[in-house]
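**Student:** coords below, sequence missing:
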């Protein structure tokens, strides 16, 4: 990304954006207390800290890592820690076992999250990153994981339109999720995409009817922020950040 | 691809491969009757002709095109025409309408296929090509389409492990498909893939447990060929074709 933490938050504030999820690596660059001060100074609230989880590869430190990230999310004033499952280790072909490790990992951290009052939002990612990033690929799969973890309302889901737009079962799974949807991430799918992670489109430039998906979410009771998240090393990360944020703000009314 | 039709079929024959699906563009390069003669001269049978369908964008010529491809599949002695749904037109965001066009298109060509005795194998493709290639992204979605078309056993599905491996519902959907599975395409998913169409991995080099998927297919009654299909402009298409086919043959026993 083309800006550091402080420049990013100041830019959001300049364009009237009141809240944002935060990436751990960006927070780490400045440290927790400085990050919190920058947020407060600019009147920008932390929606979530991204991303915890990463249980699928069987990392021995995952539980302790996630407890620390829960503490960090609390320190930043975030409402949730977004959790992604993680992908397969090199050479591993056992998806079912990887998913079992996700259920176990979530079960291990839920009591700590409950005690701290921090919600966890499991985010299914696009099937094209199943190999190295997330073995949970649809909202239905994510809800099956939630159903397998004893977690009351500590554990919910994050809905990312880029990851889920292709699924004809999305509307019914959003209804099934109901109040368990904690986050809505929006971007657009470029018809001929060039990279599996960093070629997301600006809202309005692609195939996704984000307004329709938002209407399903609102009908299911979701009333949180719409978070625009455009991983785009190939295009938007090369542009001045004020152009990026002003484009998002200008297009939001017609596309979200 | 690095070889013309004749070189490809001769290479398969040289390595003991008895059958292959055929790509229309490769057949077109030599013409139907020459293609059939090359197949017969080399003792290689045509499994399927790939790919018909392409209804999702609302093409006015799709029905006539598909009737011609059915005729071509017959002339080649193929058992089926593999059908892919097609993707969205530029600027189209209405996935539900695109899927309805697929149901309509299949309904329009099924009577002709029935009359000719040619089976149609609807192939769901990976969600990452939903925008421009296939609005049918999972085996469950494909079977929902089959259930919506009045087609007795003329219409079945093609199962491609590269497209479907990430889906935790795959085993149960294969059971649901039962005798409707007409084709099995196998390749491997590279953990960090670099292209949404042409970076498939050689069997054994990636994340897919093709042997497990094959066991599900056989339990459901499938007894057709295992077709190895490796779109790989970034790697395998650059290698001598004898190296490619001999690698497939050498690895088949341990991985398929």
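**Tutor:** Arrived safely. Just so you know, these numbers come straight off a predicted model, no measurement behind them.

**Student:** roughly how far apart are the closest residue to residue A:149 other than its chain neighbours and residue A:84?
**Tutor:** Sequence neighbours aside, residue A:106 is the residue nearest to residue A:149 in space, at 4.8 Å (criterion: CB to CB, 6 or more residues apart in numbering or on different chains). Every residue, glycine included, has its C-beta placed from N, CA and C. Distance of residue A:106 to residue A:84, computed by CB to CB, to the nearest Å: 11 Å.

**Student:** One more: residue A:256?
**Tutor:** For residue A:256, the distance to residue A:84 (CB to CB) stands at 23 Å.

**Student:** Could you list the contact residues of chain A toward chain B?
**Tutor:** Counting by CB under 8 Å from any CB of the partner chain, the positions of chain A adjacent to chain B are A:87-88, A:90, A:92-96, A:99, A:126-128, A:130-132, A:135, A:137-138, A:141, A:144, A:165-168, A:189-196, A:206-209, A:212.

**Student:** Just grab the bridge partners of the closest residue to residue A:83 other than its chain neighbours for me.
**Tutor:** The shortest distance from residue A:83 to any non-neighbouring residue, by CB to CB, 6+ apart, is to residue A:53 (3.6 Å). Under DSSP bridges, the beta-bridge partners of residue A:53 are residue A:84.

**Student:** Could I get the contacting residues of residue A:53?
**Tutor:** A:62, A:66, A:83, A:84, A:85, A:86, A:102, A:105, A:106, A:122 (CB atoms under 8 Å, 6 or more residues apart in numbering or on different chains).

**Student:** Now the common contact residues for residue A:106 and residue A:84.
**Tutor:** A:53, A:122.

**Student:** all helices for the stretch 101-250 of chain A, in order.
**Tutor:** A:139-148, A:161-164, A:170-177, A:210-219, A:241-255 (DSSP state H, counting those that start in this stretch).

**Student:** For those, give me TSV that also has mean neighbour count and mean pLDDT.
**Tutor:** Formatted as TSV, the helices of the stretch 101-250 of chain A follow (neighbours: other CB atoms under 10 Å in any protein chain shown; pLDDT from 0 to 100):
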stretch	mean neighbour count	mean pLDDT
helix A:139-148	20	98
helix A:161-164	24	98
helix A:170-177	19	98
helix A:210-219	17	98
helix A:241-255	16	97
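
**Student:** would you turn the ones you listed into JSON lines with distance to residue B:201?
**Tutor:** Shown next, in JSON lines, are those (distance: least, CB to CB, whole Å):
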{"stretch": "helix A:139-148", "distance to residue B:201": "23"}
{"stretch": "helix A:161-164", "distance to residue B:201": "23"}
{"stretch": "helix A:170-177", "distance to residue B:201": "29"}
{"stretch": "helix A:210-219", "distance to residue B:201": "32"}
{"stretch": "helix A:241-255", "distance to residue B:201": "35"}
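
**Student:** So which residues of chain A form strands?
**Tutor:** Using DSSP state E, the strands found in chain A span residues A:19-23, A:45-53, A:80-84, A:119-122, A:155-160, A:181-186, A:226-228.

**Student:** Out of the ones you listed, which gets nearest to residue B:15?
**Tutor:** Nearest of those to residue B:15, taken as CB to CB: strand A:80-84 at 42.5 Å.

**Student:** Quick check, residue A:255 in contact with residue A:211.
**Tutor:** Yes. Using CB atoms under 8 Å, residue A:255 is in contact with residue A:211, at 6.4 Å.

**Student:** Check the residue nearest the centre of chain A and give its pLDDT.
**Tutor:** Nearest to the geometric centre of chain A sits residue A:82, at 5.3 Å (CA atoms, centre = their mean). What the model reports as pLDDT for residue A:82 is 98.

**Student:** State the number of residues packed around the closest residue to residue A:10 other than its chain neighbours.
**Tutor:** If the residues on either side of it in the chain are set aside, residue A:10 comes closest to residue A:42, at 5.8 Å by CB to CB, 6+ apart. By other CB atoms under 10 Å in any protein chain shown, the residues close to residue A:42 number 18.

**Student:** show me what contacts residue A:42?
**Tutor:** With CB under 8 Å, 6+ apart as the criterion, the residues that contact residue A:42 are A:9, A:10, A:12, A:13.

**Student:** okay, now the first one: neighbour count?
**Tutor:** Residue A:9 is surrounded by 25 other residues when neighbours are defined as other CB under 10 Å.

**Student:** next one: the second one
**Tutor:** Residue crowding around residue A:10 was assessed by other CB under 10 Å; the count is 16.

**Student:** Let me know the distance separating it from residue B:113.
**Tutor:** Distance of residue A:10 to residue B:113, computed by CB to CB: 62 Å.

**Student:** same thing with the last one?
**Tutor:** Residue A:13 is 61 Å from residue B:113, where distance means CB to CB.

**Student:** Those two: who's more crowded?
**Tutor:** residue B:113 (24 against 18).

**Student:** for the more buried one, what are its contacts?
**Tutor:** Contacts for residue B:113 (CB under 8 Å, 6+ apart) come out as B:70, B:81, B:119, B:120, B:154, B:155.

**Student:** Please name the bridge partners of the closest residue to the last one other than its chain neighbours.
**Tutor:** If I follow you right, that is residue B:155. Leaving out its chain neighbours, the residue that sits closest to residue B:155 by CB to CB, 6+ apart is residue B:120, at 5.1 Å. Judged by DSSP bridges, the bridge partners of residue B:120 are residue B:81, residue B:155.

**Student:** isn't residue B:120 right up against residue B:105?
**Tutor:** No. Between residue B:120 and residue B:105 there is no contact under CB under 8 Å: 10.7 Å.

**Student:** what about those two, which has more around it?
**Tutor:** More crowded of residue B:120 and residue B:105, by other CB under 10 Å: residue B:120, with 29 against 24.

**Student:** I'd like to know how far the more buried one sits from residue B:100.
**Tutor:** Residue B:120 is 18 Å from residue B:100, where distance means CB to CB.

**Student:** wouldn't residue A:4 be in contact with residue A:26 here?
**Tutor:** Yes. The pair residue A:4 / residue A:26 is scored as a contact, 7.5 Å apart, by CB under 8 Å.

**Student:** Now do the shared contacts for these two.
**Tutor:** Shared contacts of residue A:4 and residue A:26, defined by CB under 8 Å, 6+ apart, are absent.

**Student:** Those two - which one has more neighbours?
**Tutor:** Taking other CB under 10 Å, residue A:4 and residue A:26 do not tie; residue A:26 has more neighbours (17 against 12).

**Student:** Name the nearest residue to that one, ignoring sequence neighbours.
**Tutor:** residue A:5 (4.8 Å).

**Student:** Look up the pLDDT of the one you found for me, please.
**Tutor:** On pLDDT, residue A:5 comes in at 97.

**Student:** Enumerate every residue touching it.
**Tutor:** With contact set as CB under 8 Å, 6+ apart, residue A:5 has these partners: A:26, A:27, A:29, A:30, A:35, A:38.
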